[in-house]
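K.L.:
structure for this input, please:
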Amino acid sequence: MSEIYDEKEETEVKNQTAEGDKAEDSTGEKAPGEEKPAEKSDLTEGHSDASTTKNAGKSENSEYEDVCFICRRPESKAGKMFKLPNNICICNDCMHKTMETVSQFDYQGMLNNPQFQNELDQLTKQGGFPNISFVNLADLRGDGGIPNKQKLKKKKKQENEEPVLNIRNIPAPHKIKASLDEYVVGQDHAKKVISVAVYNHYKRVATGTMDNIEIEKSNILMIGPTGCGKTYLVKTLARLLDVPLAIADATSLTEAGYIGDDIESVVSKLLAAADNDVEKAERGIIFIDEIDKIAKKRTTNTRDVSGESVQQGMLKLLEGAEVEVPVGANSKNAMVPLATVNTRNILFICGGAFPDLDEIIKERLSRTTAIGFNSELKDKYDKDKNILSKVTVEDIRKFGMIPEFIGRLPIICTLEGLNAEMMVKILKEPKNAILKQYQKLLELDEVKLEFADEALEAIAEKAMKRETGARALRSIIEEFMLDIMYEIPKDDNIGRVTITREYIEGTGGPVIEIRGNLLLESSSEPEGSKK
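P.N.:
Below you'll find the predicted structure:
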């Protein structure tokens, strides 16, 4: 093969020299200062260049770092890698350990042993080694044995370091709140808190330090009843922001070493949202939902691996520290590469429903009751729906959160419980309101869907009785829309359907209008005939 390769290169060189001679003949004499091309070219030089580009071209042009196939450390930690066939990379440490292990055996003595040679000859005559099959390791996990989702992006070399964000282009808090108002109804105080926190986070990322004063972050704790819009508020925020935002769940977190997700997996989701770019992830936002599920268990005789231990493990994340994060996985193990992420500039927003917290608040407030003219009744706060707005750090500590954890969440934001008026607004005002979704579905069948105002009030009254917040609205609408969406495709003459209060309450039916009557209504009559 080498002879064929050399012959090909010789013919190429001859062709190039022949073309050069023709060019000289046509143009005449060479310009002064030009040197004549060498008659003989170094063939080995071209051969080495081809081999280097063939072996190392992918790694140099790839935007991801090489990962050691044995220890799973990235190139930024392990150093320069040894390139093996099938794009497998081995770090310097693993290669030395492998060579030391191999050098312990006396292979020369084994080959000189006549008995071993006879057994080897018999096995080769029989057609191979029994119960032994050779597997290509690179075929098991894809290119290089490791998928790109478990690799880190290479850090780009910046000649002139510029701020990632321009402080003049940072969205003002009122603009962030106006964007949230298009999707979320009510909760003005919570929107203001989040808008200001995100605005300050943008400024901290853009400036870093001002007059040698380091700006620290202010993490947020959101408390509100179920279905009031905590998670939806942050999901809407994620669509509006330019910084990476990850939404994690605290219910699956456990202490290190136990079955479940490690605490560092919260940061690994942010790293995945930033396309495995560590520098981009270090200025992101993390929302941890269901934070009340890691509260300290009040009566337990076993180790609390998913409660107080998780709170203690999250202290370093909230405060800011360099954390070893698994890339593309939820737990640390030997087969997952690790990345070092500094959480000092990551903004944490924690949210939870905190059930039975209202009882703790009522118990604290009712201590001042006494006998006399200025005394307060014990049932004064029983009907107060916004009792959570009176929460204090003492109440949260009694619920089961440790003081160190609460201290790292300096901003406590409470959300209001939804009333009937807010329920009606949620049904029709947001950009992707539930009613607009069903109207769009029936438009595909060329049917116009309308809701009477009394029907919306009836739906809101039913949802208030279920006490599950805005989530009850969709379940109620699904119930009475089932028959309508089943019957409408049967009859092509149906042009309009109006939902009434009687249909919601089960004492009547919807108002259905025929297409021919709709045409007469549009031409002459102000009110169409109804069927």
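
K.L.:
C-alpha coordinates for stretch 494-513, CSV please?
P.N.:
Coordinates of each C-alpha in stretch 494-513 appear next as CSV, following Å, rounded to 0.1, in the frame of the first residue of the first chain:
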residue,chain,number,x,y,z
ILE,A,494,-73.8,23.8,12.4
GLY,A,495,-72.3,27.3,12.2
ARG,A,496,-72.3,28.7,15.7
VAL,A,497,-72.4,27.2,19.2
THR,A,498,-73.1,29.4,22.3
ILE,A,499,-72.4,28.1,25.8
THR,A,500,-74.9,29.3,28.3
ARG,A,501,-75.1,29.2,32.1
GLU,A,502,-77.9,26.6,32.0
TYR,A,503,-75.7,24.2,30.1
ILE,A,504,-72.9,24.6,32.6
GLU,A,505,-75.3,24.0,35.5
GLY,A,506,-76.9,21.0,33.8
THR,A,507,-80.4,22.5,33.5
GLY,A,508,-80.3,23.2,29.7
GLY,A,509,-78.3,22.9,26.6
PRO,A,510,-76.1,25.1,24.3
VAL,A,511,-77.5,27.3,21.7
ILE,A,512,-76.8,25.9,18.2
GLU,A,513,-77.3,28.0,15.1
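
K.L.:
what comes up buried for it?
P.N.:
Of the residues in stretch 494-513, 494-504, 510-513 count as buried by neighbour count, 16 or more other CB atoms under 10 Å. Any C-beta I mention is one placed from the backbone N, CA and C, and that applies to glycine too.

K.L.:
could you do stretch 451-461 as well?
P.N.:
Judged by neighbour count using 16+ other CB under 10 Å, the buried positions of stretch 451-461 are 451, 452, 455, 456, 457, 458, 459, 460, 461.

K.L.:
sort out for me which of these are in helices.
P.N.:
Residues of these located in helices (DSSP state H): 455, 456, 457, 458, 459, 460, 461.

K.L.:
how near is residue 189 to residue 102?
P.N.:
68 Å (CB to CB, to the nearest Å).

K.L.:
between those two, who's got more neighbours?
P.N.:
residue 189 (13 against 9; other CB atoms under 10 Å).

K.L.:
which element, helix or strand, includes that one?
P.N.:
Assigned by DSSP states H and E, residue 189 belongs to helix 188-207.

K.L.:
show me what that helix is packed against.
P.N.:
The contact analysis (3 or more CB pairs under 8 Å, 6 or more residues apart in numbering; DSSP states H and E) places helix 188-207 against helix 173-181, strand 220-223, helix 230-240, strand 347-352, strand 411-414.

K.L.:
would you mind checking the average pLDDT for the strand or helix carrying residue 99?
P.N.:
Secondary structure assigned from DSSP H and E places residue 99 in helix 92-102. Mean pLDDT, computed over helix 92-102, is 82.

K.L.:
any buried residues in that helix, and which?
P.N.:
For helix 92-102, by 16+ other CB under 10 Å, it's residue 94.

K.L.:
now stretch 320-337
P.N.:
320, 323, 325, 326, 327, 328, 329, 330, 331, 332, 336, 337.

K.L.:
avg pLDDT for the helix or strand in which the third one is found?
P.N.:
Going back to what we said before, that points to residue 325. Using DSSP H and E, residue 325 sits in strand 322-326. In this model, strand 322-326 carries a mean pLDDT of 86.

K.L.:
how far does stretch 207-217 stretch from start to finish?
P.N.:
13 Å (CA to CA, to the nearest Å).

K.L.:
please renumber the chain so that the first residue is 435 from this point on.
P.N.:
Sure thing, new numbering starts at 435, so read that last one as stretch 641-651.

K.L.:
for the stretch 635-784 of the chain, what spans make up the helices?
P.N.:
664-674, 699-707, 712-715, 742-753 (DSSP state H, counting those that start in this stretch).

K.L.:
so which of those is the most surrounded?
P.N.:
Burial of these is given as mean neighbour count (mean count of other CB atoms under 10 Å); helix 699-707 ranks first at a mean of 23.

K.L.:
now for that one, which elements pack on it?
P.N.:
strand 679-683, helix 712-715, strand 719-723, helix 742-753, strand 756-760, strand 772-776.

K.L.:
nearest to residue 787, of those?
P.N.:
strand 719-723 (9.8 Å; CB to CB).

K.L.:
mind giving me the packing neighbours of that closest one?
P.N.:
Using 3+ CB pairs under 8 Å, 6+ apart, strand 719-723 is in contact with helix 664-674, strand 679-683, helix 699-707, strand 781-786.

K.L.:
and the angle for the shortest one with strand 719-723?
P.N.:
The directions of strand 679-683 and strand 719-723 differ by 20 degrees, with axes from the mean of the first three to the mean of the last three CA atoms, to 10 degrees as the criterion.

K.L.:
quick one on the thing from earlier: tell me which of the helices and strands packed on helix 699-707 sits nearest to residue 853.
P.N.:
strand 719-723 (24.0 Å).

K.L.:
what does the average pLDDT come to for that closest one?
P.N.:
Strand 719-723 comes out at a mean pLDDT of 92.

K.L.:
stretch 843-860 now?
P.N.:
On average, stretch 843-860 scores 90.

K.L.:
return the set of buried residues in it.
P.N.:
843, 847, 848, 849, 850, 851, 852, 856, 857, 858, 860.

K.L.:
was I right about the fourth one contacting residue 666?
P.N.:
No: Residue 849 sits out of contact with residue 666 when judged by CB atoms under 8 Å, with a separation of 10.8 Å.

K.L.:
could you dump the helices and strands packed on helix 622-641 into TSV with distance to residue 825 added?
P.N.:
Listed next are these as TSV, based on distance: least, CB to CB, whole Å:
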stretch	distance to residue 825
helix 607-615	23
strand 654-657	6
helix 664-674	14
strand 781-786	12
strand 845-848	6
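
K.L.:
worst mean pLDDT among these?
P.N.:
Minimum mean pLDDT among the helices and strands packed on helix 622-641: helix 664-674, a mean of 85.
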